[in-house]
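>>> Please find the sequence and the predicted model below.
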There are 2 protein chains.
Amino acid sequence: MNANEKFIAAEAHVDAAAVAPLPNSRKIYVEGSRADIRVPMREITQSDTSESMGFERNPPVFVYDCSGPYTDPNARIDVRSGLPALRQAWIDERGDTEQLSDLSSEFGRQRAADKSLDELRFPDLHRHPLRAKSGRNVTQMHYARQGIITPEMEFIAIRENLNREKYIESLRASGPKGEKMAAMMLRQHPGQSFGASLPQTITPEFVRDEVARGRAIIPANINHPESEPMIIGRNFLVKINGNIGNSAVTSSISEEVDKMTWGIRWGSDTIMDLSTGKNIHETREWIIRNSPVPIGTVPIYQALEKVDGKAEELTWEIFKDTLIEQAEQGVDYFTIHAGVLLRYVPMTANRMTGIVSRGGSIMAKWCLAHHKESFLYTHFEEICEIMKAYDVSFSLGDGLRPGSIYDANDDAQLGELKTLGELTEVAWKHDCQVMIEGPGHVPMQLIKENMDLQLDWCKEAPFYTLGPLTTDIAPGYDHITSGIGAAQIGWYGTAMLCYVTPKEHLGLPNKDDVKDGIITYKLAAHAADLAKGHPGAQIRDNALSKARFEFRWEDQFNLGLDPDRAREYHDETLPKDSAKVAHFCSMCGPHFCSMKITQDVREYAAQQNLDEQAALARGMEEKSIEFVKTGAKVYHNI
Amino acid sequence: MNANEKFIAAEAHVDAAAVAPLPNSRKIYVEGSRADIRVPMREITQSDTSESMGFERNPPVFVYDCSGPYTDPNARIDVRSGLPALRQAWIDERGDTEQLSDLSSEFGRQRAADKSLDELRFPDLHRHPLRAKSGRNVTQMHYARQGIITPEMEFIAIRENLNREKYIESLRASGPKGEKMAAMMLRQHPGQSFGASLPQTITPEFVRDEVARGRAIIPANINHPESEPMIIGRNFLVKINGNIGNSAVTSSISEEVDKMTWGIRWGSDTIMDLSTGKNIHETREWIIRNSPVPIGTVPIYQALEKVDGKAEELTWEIFKDTLIEQAEQGVDYFTIHAGVLLRYVPMTANRMTGIVSRGGSIMAKWCLAHHKESFLYTHFEEICEIMKAYDVSFSLGDGLRPGSIYDANDDAQLGELKTLGELTEVAWKHDCQVMIEGPGHVPMQLIKENMDLQLDWCKEAPFYTLGPLTTDIAPGYDHITSGIGAAQIGWYGTAMLCYVTPKEHLGLPNKDDVKDGIITYKLAAHAADLAKGHPGAQIRDNALSKARFEFRWEDQFNLGLDPDRAREYHDETLPKDSAKVAHFCSMCGPHFCSMKITQDVREYAAQQNLDEQAALARGMEEKSIEFVKTGAKVYHNI
């Protein structure tokens, strides 16, 4: 599919780049307490350590897998019919939802009736949305607070543990050196968790408890049964979000669906559809039906479309209809900028860059035009009623986040954060799930203050930050200026990091930019997991480093976040296949390889049981003669 | 020039990409107390704020400029004759050096006599090296300790202040809003400096004092008079180093010279030539003669070439001859791995990745072969004698740095660091300038320990780290995994950050990789300057953010670290020139721009002198009527 082609629904097909399994990787499913809890993971097979380096079997490593059925060769993928509804039975058997005979939103019905949209509409017209039965509450938080462990919670517990038990078993079973190898591969530096509670093993009960306390959310709209459950919370693996979305200026439906499948392939845990152009209702349907990860949106964008971009003409009724429209499509979390209070708006007048959040500036404009608090704030409890009828999670928007280093941590930003904390408690009264959005642009020395205040004021509701960018001076590289801040704030306790692409401030990301943003944020999130001391986080680093040291080039590539790029970079200098088994690389050439020399040192130390005291006792001369005698070279067998 | 062409000295020419001035930029020179102290800076001109946004003159911003005469349209560049010897008079007038009639190193003389090298040799055969007169010490530290402020020190003081006084003057003179604008543009968040002393203005005396105390170094070999003085120390701007260098496998002389001019164009403060291939003597000469920044090397690499790669055959004599050879060419700092002690070597046997420093592994191999301490350690005072005869600075190498997260902060690494602290004190006895190399691969929570121990054990000698990489799982993206660590350790007090390119662990960097590495490290260093609270550091962020907010697209590009990429990314979506003056961009389209809406908010607040109390008093209704009356839209003039 191509952005310039006319999009025709009947001809829609999956992006070929999104479906091939990654090299030496296999999709596996870990089964839970019932046959329909099948948790996907990616198993990366490794080769053995060569004989010359002391043969060892290197068991497969399991990694978190957001890519859904696309990377499963046994799955039949047809974007025109969408993904299988893996959660449908779980939702149905709870018996607290009802299927609606028609869409509840006026706008939704209008679009459905518009024949001119048939050509680009998602084909399944017969889908009927679900809604909570009258008086029922279908949020995962509600279940959690009733003490119910849902299949979603069990799924998540299995997912977060990453099949670690199996890996440990395989290490131990890998031969006579098994125990030693297990000790080595599992060794990890103690973390610095700043108060996070990270159990060795995540149990379904732990998941339930965290959700009940509001410290984690499971974005899982009952109308998005295709989604594979995942969790966002400080005591779980740090997650990342990738934004996609067309604008009035550019981009088509197919391009956005491609960006979604591309983004999850590289590890986006959730996707936000930030479209603002025309046909966003139809674009969203395509994305949700084909997405195995939760989808977030900013409903005010679409509401604004409905009033031709005139913020002051927005009304609660239009907004409410938009919420329902999107909730019935299956959006899993809504950014709601309900913290933009009238009194905060003038605080932005002396900023360097004013209000940079699109939603924030829309609401600010509305507040000024009407000179009263926004309908998001005044109707907040009604919004909660909608959220809990579909289990849409709140992502309380930081409409007043700083858009420059200059504006970081100012009164407007922190005032809004405090209000978001108050709204969190309101939402929790309704058992609605809540996360809190955060900045933005913040110099390093001010990042921790953001986290500390958020934990305090928002009562440990998960924090979800955009970066933050740690300097403004590198347009074109803001995935990196912000990756630095993201790694830090993730370490301090942020639960999900919203990616920034190299195009930030400059243009709309293409697929390459999406990938650069995703990988940058995956590595930042992982650096944060390591720093917090998340159990098992170092396994992948250890495995990759071992492969690197043992010149298992293919394994080094495949254990990395982007095997394709690693291989491509290697092959630029040493393209031959033989180079990928060579015990040297292009950086130093065959004679200068420090890894190779180290092997020598290690074997020598092992062989001679080298110990300084013993060596001194036996006399230095003798030792050096021995060493030269044994060839003073690499790879003599022990 | 191209890597595959045969290199012919007589036809050598400068890389065209390295000489064009950057857009809207002008090379200026700030004169010191004497006419031959002319400190280069880059002046970036800005356009005025548009009438509709409240006309303002935006004075030029001055930025640090490492690019040397290459970006000066008035300079005549011919790589065959090298750069002008800007420091020659300063060196000569000190009267403590003598011109040698011939090279002192045997190897140097041998190469000079080899006719077969004529074709690739740097053409100026008539250069005679300088050396300190017998009994004299020509280090900047020696002068500093005598209380002498050298022209180099004055040059540096001017350079570090970045013409800030001039900028402030221009702000104030920019019209009736001048004072207000100055206050805004100079505003900066308080830093967290972890004990660094950052004076508001850097004086020549401050530079002298820091150098005398060993807290900063000025790498300035008397045989590299072409270099523009710069300083490396915790109380100055954080610097970055870019590595270049061919290997036996690939790369040619011309390619390395191109990488050097390319690297300094984007901001490399020093360049390390890590060549290991053949003709490294000749390559180095080309690089030094054409480099306006200090050049560092690892002499053991070349020494090893001389013994055909057999580490155990290395001798003090061969190494000493190499030091002198390179010192007489003009290398400004030497990495010397003198801290790799015999007792530390076995400590690496149980590492995941052993010894990954090439120099470290060479020395470890030597130590084991001879079973005694290395000649670097046993002859350390003799090395000092050489260093002070040419003013080559020590970069005490971290031969035992960790090569994986697993190995971070282990006994071998920290043992060596402690030894480097002891050697620092030995070098200081000789008034030799010293910086200390640091890791490597370190998870975030262990980074600060590195800095704290280094400051303590090495008595505040400048720290110079490679990254560190904060995770191992992203080969192909290690400029980013390490940029995260670099920004942090720079904040904590590291004086210079050695870049890592995307090719790290995979292959040799090409020019694109060099640029990616440099820009990543420039932004990390700048993020660190901001976080430390370096005076004036926020000026560039503020100026760029103001340009961004005012839709001065060209200024936004030009104030960034990489104007070319910023423009390219912008033009991918909105290529027309008109888009660069448009008050919106491709991300949101004309109707959704938050910046545009914010203007509205700001003007409204200004116009109405909006104040919550006042507004409430006058009644909300009235306000909203007013707002709608005035058009409820953007850009109504005040």
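That came through, no problem.
>>> confidence score at residue A:177?
Residue A:177 is assigned 85 on the pLDDT scale.
>>> In the longest helix seen in chain A, which residues are buried?
Ranked by number of residues, the top helix in chain A under DSSP state H is helix A:511-532. Using 16 or more other Cβ atoms under 10 Å in any protein chain shown as the test for burial, helix A:511-532 gives A:511, A:513-532. No exception for glycine: its C-beta is placed from N, CA and C like everyone else's.
>>> ok, now how distant is the residue of the stretch 351-500 of chain A found nearest chain B from residue A:471?
Proximity to chain B, evaluated over the stretch 351-500 of chain A using Cβ to the nearest Cβ, is greatest for residue A:354 at 3.0 Å. Counting by Cβ to Cβ, to the nearest Å, the separation of residue A:354 from residue A:471 is 19 Å.
>>> the more surrounded of the two?
Set residue A:354 next to residue A:471 and count neighbours by other Cβ atoms under 10 Å in any protein chain shown: residue A:471 wins out with 33 against 27.
>>> Do I have it right that that one meets residue A:443?
Yes - using Cβ atoms under 8 Å, residue A:471 makes contact with residue A:443 at a distance of 7.2 Å.
>>> Need the overlap of contacts for those two.
Common neighbours of residue A:471 and residue A:443 (criterion: Cβ atoms under 8 Å, 6 or more residues apart in numbering or on different chains): A:405, B:527, B:530.
>>> how many neighbours does the first one have?
Close neighbours of residue A:405, defined as other Cβ under 10 Å, add up to 31.
>>> what secondary structure does it sit in?
Look at residue A:405: counting by DSSP: H, G, I helix; E, B strand; the rest coil, its state is coil.
>>> list the contacts for residue A:323?
A:299, A:334, A:383, A:386, A:392.
>>> try 10 Å this time
Each residue near residue A:323 by Cβ atoms under 10 Å, 6 or more residues apart in numbering or on different chains is listed here: A:105, A:297, A:299-300, A:302-303, A:331, A:334, A:336, A:382-383, A:386-387, A:390, A:392.
>>> tell me which element it falls in.
helix A:316-329 (DSSP states H and E).
>>> Next one: whichever residue of the stretch 51-200 of chain A sits closest to chain B from residue B:491, what distance?
Closest to chain B within the stretch 51-200 of chain A is residue A:192: 3.9 Å, counting by Cβ to the nearest Cβ. According to Cβ to Cβ, residue A:192 stands 16 Å off from residue B:491.
>>> of these two, who's got more company?
It is residue B:491, of residue A:192 and residue B:491, that has more neighbours when counted by other Cβ under 10 Å, with 32 against 16.
>>> The more buried one and residue A:471 touch, don't they?
No - assessed by Cβ atoms under 10 Å, residue B:491 is found out of contact with residue A:471, at 11.7 Å.
>>> Residues of the stretch 51-200 of chain A that sit close to chain B?
Contact residues (Cβ under 10 Å from any Cβ of the partner chain) of the stretch 51-200 of chain A with chain B: A:63, A:180, A:184, A:185, A:187, A:188, A:189, A:190, A:191, A:192, A:193, A:194.
>>> Make TSV out of those residues and add distance to residue B:161 and pLDDT.
Shown next, in TSV, are these (distance: Cβ to Cβ, whole Å; pLDDT from 0 to 100):
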residue	distance to residue B:161	pLDDT
A:63	50	98
A:180	58	91
A:184	52	95
A:185	52	96
A:187	48	97
A:188	46	97
A:189	41	98
A:190	43	98
A:191	41	98
A:192	37	98
A:193	42	96
A:194	38	98
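>>> So how do I select the buried members of those residues in ChimeraX?
Buried residues within these, by 16+ other Cβ under 10 Å, are selected in ChimeraX with:
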select /A:63,184,185,188,189,191,192,193,194
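>>> what's the most distant pair in the residues of the stretch 51-200 of chain A next to chain B?
A:180 and A:194 (33.4 Å; Cβ to Cβ).
>>> backbone phi and psi for residue A:28, please?
phi -120, psi 160 (degrees, to the nearest 10).
>>> For burial, what's the neighbour tally of it?
Each residue near residue A:28 was counted by other Cβ under 10 Å, and the total is 17.
>>> How about the contacts made by it?
Applying Cβ under 10 Å, 6+ apart to residue A:28 gives the contacts A:38, A:39, A:40, A:41, A:42, A:43, A:60, A:62, A:65, A:72, A:163, A:166.
>>> same check, this time on residue A:333
Residue A:333 makes contact with A:217, A:219-221, A:232, A:241, A:270, A:272, A:294-297, A:387, A:391-395, A:433-435, A:464 under the criterion Cβ under 10 Å, 6+ apart.
>>> beta partners of it?
Here residue A:333 sits in beta bridges with residue A:296, residue A:393, going by DSSP bridges.
>>> Give me the pLDDT value at it.
Looking at residue A:333, its pLDDT stands at 98.
>>> What of residue A:7?
In this model, residue A:7 is scored at 76, pLDDT.
>>> excluding its backbone neighbours, what's nearest it?
Nearest non-adjacent residue to residue A:7, counting by Cβ to Cβ, 6 or more residues apart in numbering or on different chains: residue A:253, 4.7 Å away.
>>> My guess is that neighbour contacts residue A:290. True?
No - in this structure residue A:253 lies outside contact range of residue A:290 using Cβ under 10 Å: 11.2 Å.
>>> just to revisit the earlier point, and the helix holding residue A:323, which residues are buried?
Going by neighbour count (16+ other Cβ under 10 Å), the buried part of helix A:316-329 is A:318, A:319, A:320, A:321, A:322, A:323, A:324, A:325, A:326, A:327, A:328, A:329.
>>> need the contact list for the fifth one.
Under the criterion of Cβ under 10 Å, 6+ apart, the neighbours of residue A:322 are A:105-108, A:281, A:297, A:299-306, A:314, A:334.
>>> go on, the first one?
Each residue near residue A:318 by Cβ under 10 Å, 6+ apart is listed here: A:106, A:107, A:300, A:302, A:303, A:304, A:306, A:307, A:375.
>>> could you redo the last one with a cut-off of 8 Å?
Residue A:318 makes contacts with A:303, A:306, A:307, as judged by Cβ under 8 Å, 6+ apart.
>>> Which pLDDT value belongs to it?
Residue A:318 is assigned a predicted lDDT (pLDDT) of 98.
>>> ok, it to residue A:283 distance?
20 Å.
>>> next one: the last one
Distance, residue A:329 to residue A:283, by Cβ to Cβ: 11 Å.
>>> re earlier: now tabulate the buried residues of helix A:316-329 in JSON lines and tack on distance to residue B:543.
Shown next, in JSON lines, are these (distance: Cβ to Cβ, whole Å):
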{"residue": "A:318", "distance to residue B:543": "40"}
{"residue": "A:319", "distance to residue B:543": "38"}
{"residue": "A:320", "distance to residue B:543": "43"}
{"residue": "A:321", "distance to residue B:543": "44"}
{"residue": "A:322", "distance to residue B:543": "39"}
{"residue": "A:323", "distance to residue B:543": "41"}
{"residue": "A:324", "distance to residue B:543": "46"}
{"residue": "A:325", "distance to residue B:543": "43"}
{"residue": "A:326", "distance to residue B:543": "40"}
{"residue": "A:327", "distance to residue B:543": "44"}
{"residue": "A:328", "distance to residue B:543": "48"}
{"residue": "A:329", "distance to residue B:543": "44"}
